[in-house]
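Engineer: coords please:
(2 chains)
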Amino acid sequence: MAARALDTVTVGETIGPVTIPVTRETLVAYANASGDQNPIHQDEDFARSVGLPDVIAHGMWTMGAAGSVVSRWAGDAGRVVEYGTRFTKPVVVPVSGNELVVEGTVKAVDAETGRVTVEVTVSAEAVKVLGRCVAVVRLD
Amino acid sequence: MAVNADFVGRTYPPDGPHPVDAALVAAFAAAVGADDPVHTDPEAARAAGYADVIAPPTLAVRFAQAADRAYVTDPEAGIDYSRVVHGEQRFVHHRPITAGDEVVGTLTVDQVRQAGGHSMVTTRTELATTEGEALATCVSTIVVRGGED
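Structural biologist: Residues are numbered from 1 along each chain as shown, chains lettered A, B, ... in the order given. Modelled structure (predicted):
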């Protein structure tokens, strides 16, 4: 892949929607790669013991999976220069799995600096799970 | 026990170094569904201008959370980790974390505030290589849920 050219990007351009499945295996793989072994993300008995409905995804997995959609659109993951979000709702992952729906909208393009601001919307079961999720990519 | 506001402004000694290798980058990329070949193919990464395969942007959290540990597990800090949820996360990337990097994280406690019976704790971790090259600024807010008692 090559980075998208700045002059092909317009304010209002949309990305997705992209559907991303998530299973318990996804969360084990994420726990190992991230170092976050909190049992609420792997062990349903433990999750229920602390008042959760079931195992929940790592917020950072959700952020990372949504970020992959932006990176793919940008054409080069190294172009993501800023990325931030609030974690507003958990993504519950029963044995049968769940899925995210990720969409993006270009909110601003700065032709001088090459900075492109993308607002990202992430939902699970039709409920938004991230708040104020914004990525900035730098394009040439 | 309330979160100790006296820790605001405190900077911890650097955490690490943590080596970054191609296997870690590939495993993290697979876990977050990042299929850009710059994560797995050194030739593709070099063609894009990088020294070797680069990490997905959010791998930075692995090193930020490693740097957090000395603070959140300090009994004097007053953080009950069984009551912690992740509230907010932001990254500013100075250059992509790349296989071959040795990452060091320096944590500063930026803010402790109370809201709605909970404590919100904001930390900032500056990630850099052992040579001192800036990699990423990671700002995290955790919410320590208030007790019923």
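Engineer: CA atoms for contacts and neighbours, from now on please.
Structural biologist: Fine.
Engineer: For chain A, what lies in contact range of chain B?
Structural biologist: When proximity is defined as C-alpha under 8 Å from any C-alpha of the partner chain, chain A approaches chain B at A:1-2, A:26-27, A:29-30, A:33-36, A:59-65, A:67-69, A:71-72, A:75-78, A:80-88.
Engineer: Buried subset of these as a PyMOL selection?
Structural biologist: The PyMOL command for the buried members of these (criterion: 16 or more other C-alpha atoms under 10 Å in any protein chain shown) is given here:
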select buried, chain A and resi 1+26+27+29+30+33+34+36+59+60+61+62+63+64+65+67+68+69+71+72+75+76+77+78+80+81+82+83+84+85+86+87
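Engineer: Okay, helices next: where are they in chain A?
Structural biologist: For chain A, the helices defined by DSSP state H cover A:24-34, A:44-49, A:59-74.
Engineer: What residues sit buried inside the shortest one?
Structural biologist: Judged by neighbour count using 16+ other C-alpha under 10 Å, the buried positions of helix A:44-49 are A:44, A:46-47.
Engineer: how about low-confidence regions in chain B?
Structural biologist: Scanning chain B for pLDDT under 70 picks out B:1, B:147-149.
Engineer: in it, which helix has the most residues?
Structural biologist: Counting residues, the longest helix found in chain B (DSSP H) is helix B:60-72.
Engineer: Which elements pack onto that helix?
Structural biologist: Packing partners of helix B:60-72 (3 or more C-alpha pairs under 8 Å, 6 or more residues apart in numbering or on different chains; DSSP states H and E): strand B:15-19, strand B:102-115, strand B:118-129, strand B:134-144.
Engineer: how big is the angle separating the shortest one from strand B:102-115?
Structural biologist: Looking back up the chat, that one is strand B:15-19. Taking axes from the mean of the first three to the mean of the last three C-alpha atoms, to 10 degrees, one finds strand B:15-19 and strand B:102-115 inclined to each other by 130 degrees.
Engineer: Show me what the next helix or strand after strand B:15-19 is packed against.
Structural biologist: Where DSSP states H and E defines the elements, the next helix or strand beyond strand B:15-19 is helix B:22-31. If contacts are counted by 3+ C-alpha pairs under 8 Å, 6+ apart, helix B:22-31 sits against helix A:24-34.
Engineer: how far off helix B:60-72 does the helix it packs on point, in degrees?
Structural biologist: Per the same axes, to 10 degrees, the angle that helix A:24-34 makes with helix B:60-72 is 70 degrees.
Engineer: tell me the pLDDT at A:M1?
Structural biologist: Looking at A:M1, its pLDDT is 65.
Engineer: isn't B:A77 right next to B:D68, touching?
Structural biologist: No. Look at B:A77 against B:D68 with C-alpha atoms under 8 Å: they stay out of range, at 11.7 Å.
Engineer: And the two? Which one has more around it.
Structural biologist: Using other C-alpha atoms under 10 Å in any protein chain shown, the more surrounded residue of B:A77 and B:D68 is B:D68, with 23 against 18.
Engineer: quick revisit: quick one, which of the helices and strands packed on helix B:60-72 gets closest to B:I54.
Structural biologist: strand B:134-144 (11.7 Å; C-alpha to C-alpha).
Engineer: The closest one and chain A, any residue contact?
Structural biologist: No. Strand B:134-144 does not reach chain A (C-alpha under 8 Å from any C-alpha); its nearest approach is 8.9 Å.
Engineer: Any regions of chain A where pLDDT drops low?
Structural biologist: Applying pLDDT under 70 to chain A flags residues A:1.
Engineer: For it, just list every one of the strands.
Structural biologist: A:14-22, A:80-87, A:98-110, A:115-124, A:127-128, A:130-138 (DSSP state E).
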